[in-house]
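Engineer: quick check, what structure comes out for this input:
(2 chains)
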Amino acid sequence: MLASYVSATGHPASAKADKIQSITGVLMGCFLLAHLHFESSILLGKEAFYTVVQFLEGGMFSSTGHGFPIVTKVFSVFMLLVVMAHAAVALRRFPAQIGQWRALRRHMSVINHKDSHAWFWQLITGFVLFFLVPVHLFTMIANPEIGPHLSADRVYNQNAWLLYALLLPAVVIHAMIGLYRVAVKWGLTTKRTGLRKLAKGLIIYLIVIGLMSLISYLIIGSDLSLPVEAYRPS
Amino acid sequence: MSLEATKGRMLTFNIFRYDPQEPGDKPKMVKYQLEETPGMTVFIALNRLREEQDTSLQFDFVCRAGICGSCAMVINGFPTLACRTLTRKYPKGDIMLMPLPGFELIGDLSVNTGKFMRELAERLKLWLHPISDDLDVHRLEAPMDPVEAAKLYELERCVECGVCVSACATKQMRETFVGAVGMMKLARFELDSRDGRGLEDYYHVIGNQDGVFGCMTLLGCQDNCPKDLPHMQQIAYLRRKMAVTLV
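Structural biologist: As a prediction, the model looks like this:
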């Protein structure tokens, strides 16, 4: 009855888009938390990282105990689909017109508001991720071999460190602010101060362990003799 | 010690000046100095500046007590009511005043929030839609449950100052976005047992990109509302309800 009086009427698609954005976001945010810890197991030594990789690649189901890289391949395809779904609905939020961008910048210059500024950084990192995440995922689909030596080879000899050095801060900032926003958006919590501190702490912590493990891959990579052979536990 | 004996510090006001009515006038920032007095609010300071230094200075006020919502402006980057902002809050004594962004500028610090609020009320039909049409002025009104009345009163406290609209980057980017004030008022009628509109009706007004699903939860409304209205919880509540109403 009120519908005819407004420019746009209620639409289930809007509700669905918002839900998809939050669900895919939470899924990827949680995955990122696990992912960064898995790859940082290199900080505990090659053996530790090897064990994690073999476990995740289903090593217990293979006769050799070395796991199947295809698991990484399939999972990467799945993550690419999730990323695409998230990107499709998140695009609604982008200031797609120059006027909107100017309005946003003007607003930020006049109004001092932390959460709005946090969103701005989510917007910037989100845009950056459009270009960096597919590169990472395509690498994992094309060359899914992961291991202390194989990964170090990728990082050092194939120069993937550049990708990871850019991807790490972008994805961590985007995801942690995003998880915070989802929690307040759907009213899961009203304790914003604590949650904001947690998000900030996690951003610093994840970037630190990410960078430290990236450095250790560089060190391992520089010590490798070519051609690189996969690490085998002694 | 008498109040007169206390020499107040010198405040520096940096005020946005622009009169769209004046041909050739350009927006500029103008500095004014004023001696602080005990208990001085930005509102009091503005009145003194207008009285003593520049009679052309434009700004709005009515009640000087945080009830009319007229004197909202951006004070040092925070949109709020001038009458509820004490100058002693600013240790350096530098106070920058800008008009609320997102509204039609009347001149200097004065913006046309009234026009905006009226258009919003007409667009969202922000008045009571009685359950039944047969109105009889002689019939006694049914009493309202005190708990419900208290809930309604909490949301009725909105003074339509426009701060939530100015503080919202989403609203600034998207002209048609309803904003916190619209959602707050709809939530108020949604709670009202006398109102005949159902969730479906509300869904048609705010169950879209202009309403709860367009809100990006930047929370400028929540953090700046001078009446401390629970915007965050209210919008989250509407969003959850709308998300399950039509699937």
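
Engineer: where do the strands sit along chain B?
Structural biologist: B:10-17, B:28-35, B:72-75, B:78-81, B:94-98, B:105-107, B:110-111 (DSSP state E).

Engineer: most neighbours per residue, which of those strands?
Structural biologist: Most buried of these by mean neighbour count (mean count of other Cβ atoms under 10 Å in any protein chain shown) is strand B:72-75; its value is a mean of 25. C-beta here means a position set from N, CA and C on the backbone, and glycine is covered the same way.

Engineer: distance between that one and the chain's centre?
Structural biologist: 10 Å (Cα atoms, centre = their mean, to the nearest Å).

Engineer: can I get the CA coordinates of the helix or strand of chain B with the lowest mean pLDDT in CSV?
Structural biologist: Across the helices and strands of chain B, mean pLDDT, DSSP states H and E gives its lowest value to helix B:199-206, namely a mean of 82. Once non-C-alpha atoms are left out, helix B:199-206 reads as follows in CSV (Å, rounded to 0.1, in the frame of the first residue of the first chain):
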residue,chain,number,x,y,z
LEU,B,199,6.0,-5.6,8.4
GLU,B,200,5.2,-6.0,4.7
ASP,B,201,4.3,-2.3,4.4
TYR,B,202,7.5,-1.2,6.1
TYR,B,203,9.4,-3.7,4.0
HIS,B,204,8.3,-1.8,0.9
VAL,B,205,9.6,1.4,2.3
ILE,B,206,12.9,0.4,3.8
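
Engineer: in it, which of the residues would be classed as buried?
Structural biologist: Of the residues in helix B:199-206, those buried under the neighbour-count criterion (16 or more other Cβ atoms under 10 Å in any protein chain shown) are B:201-206.

Engineer: tell me the one of those nearest B:Arg139?
Structural biologist: Ranked by distance to B:Arg139 (Cβ to Cβ), these are led by B:Asp201 at 25.2 Å.

Engineer: nearest residue to residue 53 in space, please, no chain neighbours.
Structural biologist: By default, I'm working from chain A. Counting by Cβ to Cβ, 6 or more residues apart in numbering or on different chains, the nearest residue to A:Val53 once its immediate chain neighbours are dropped is A:Ile146, at 5.1 Å.

Engineer: I was after chain B.
Structural biologist: Spatially, and ignoring its direct neighbours in sequence, B:Gln53 is nearest to B:Tyr32 (5.8 Å; Cβ to Cβ, 6+ apart).

Engineer: which residues touch the one you found?
Structural biologist: Residues counted as contacts of B:Tyr32 (Cβ atoms under 8 Å, 6 or more residues apart in numbering or on different chains) are B:12-13, B:15, B:49, B:53-54.

Engineer: can you do 6 Å?
Structural biologist: B:13, B:49, B:53 (Cβ atoms under 6 Å, 6 or more residues apart in numbering or on different chains).

Engineer: before we move on, the earlier item: check the buried residues of helix B:199-206 against chain A, which are close?
Structural biologist: Filtering these for proximity to chain A (criterion: Cβ under 6 Å from any Cβ of the partner chain) leaves B:201, B:203-205.

Engineer: quick one, what contacts residue 40?
Structural biologist: With no chain named, the answer covers chain A. A:Ser40 is in contact with A:209, A:213, counting by Cβ under 6 Å, 6+ apart.

Engineer: wrong one, chain B
Structural biologist: Shown in contact with B:Met40 (Cβ under 6 Å, 6+ apart): B:Thr87.

Engineer: now it: how far from B:Asn224?
Structural biologist: Using Cβ to Cβ, to the nearest Å, one obtains 22 Å as the distance from B:Met40 to B:Asn224.

Engineer: likewise for B:His138?
Structural biologist: Relative to B:Asn224, B:His138 is positioned 46 Å away (criterion: Cβ to Cβ).

Engineer: and the two? which has more neighbours close in?
Structural biologist: Neighbours of B:His138 and B:Asn224, each counted by other Cβ atoms under 10 Å in any protein chain shown, are more numerous for B:Asn224; the result is 24 against 4.

Engineer: which of the residues in the longest helix anywhere in chain B are buried?
Structural biologist: Across chain B, the longest stretch assigned as helix under DSSP state H is helix B:231-245. For helix B:231-245, burial by neighbour count (16+ other Cβ under 10 Å) applies to B:231-232, B:234-239, B:241-243, B:245.

Engineer: returning to what we had before: and the residue nearest to B:Gln53, what's its pLDDT?
Structural biologist: Model confidence at B:Tyr32, given as pLDDT, is 97.

Engineer: close to chain B, is whichever strand or helix holds A:Leu132?
Structural biologist: Here A:Leu132 sits within helix A:114-142, counting by DSSP states H and E. Yes. Among the residues of helix A:114-142, A:115-116, A:119 lie within reach of chain B under Cβ under 6 Å from any Cβ.

Engineer: who wins for most neighbours among the residues you listed?
Structural biologist: Using other Cβ under 10 Å as the neighbour definition, the residues of helix A:114-142 next to chain B reach their maximum at A:Trp119, which records 25 neighbours.

Engineer: for that residue, list the residues it contacts.
Structural biologist: Listed by Cβ under 6 Å, 6+ apart, the contact set of A:Trp119 reads B:Leu218.

Engineer: hang on, the earlier thing: gap between the residue nearest to B:Gln53 and B:Phe103?
Structural biologist: Remark: distance between B:Tyr32 and B:Phe103 (Cβ to Cβ) = 23 Å.

Engineer: and what of A:Leu104?
Structural biologist: 17 Å.

Engineer: next one: B:Asp25
Structural biologist: 18 Å.

Engineer: who's more crowded, those two?
Structural biologist: Under the criterion of other Cβ under 10 Å, the comparison of B:Asp25 against B:Phe103 puts B:Phe103 first, with 19 against 12.

Engineer: what's near enough to touch the closest residue to the more buried one other than its chain neighbours?
Structural biologist: Closest residue to B:Phe103 in three dimensions, ignoring its sequence neighbours and counting by Cβ to Cβ, 6+ apart: B:Val111, at 3.8 Å. If you count contacts by Cβ under 6 Å, 6+ apart, B:Val111 has them with B:99-100, B:103, B:105.

Engineer: could you identify the most distant pair in these?
Structural biologist: B:Leu100 and B:Leu105 (9.1 Å).

Engineer: give me the beta-bridge partners of the closest residue in space to B:Asp19 that isn't next to it in sequence?
Structural biologist: Of all residues beyond its chain neighbours, the one nearest B:Asp19 is B:Gly107 (4.5 Å), with distances taken as Cβ to Cβ, 6+ apart. Under the criterion DSSP bridges, B:Gly107 forms beta bridges with B:Ser110.

Engineer: could you measure from B:Gly107 over to chain A?
Structural biologist: Applying Cβ to the nearest Cβ, to the nearest Å, the value for B:Gly107 to chain A is 17 Å.

Engineer: please name every helix or strand in contact with the helix or strand following the helix holding A:Leu132.
Structural biologist: Remark: after helix A:114-142, the chain's next helix or strand is helix A:148-156, criterion DSSP H and E. Of the remaining helices and strands, those touching helix A:148-156 by 3 or more Cβ pairs under 6 Å, 6 or more residues apart in numbering or on different chains; DSSP states H and E are helix A:46-56, helix A:192-223.

Engineer: and these, which one averages the lowest pLDDT?
Structural biologist: Across these, the stretch with the lowest average pLDDT is helix A:46-56; it has a mean of 86.

Engineer: what angle do that helix and helix A:148-156 make?
Structural biologist: Here helix A:46-56 runs at an angle of 100 degrees relative to helix A:148-156 (axes from the mean of the first three to the mean of the last three Cα atoms, to 10 degrees).
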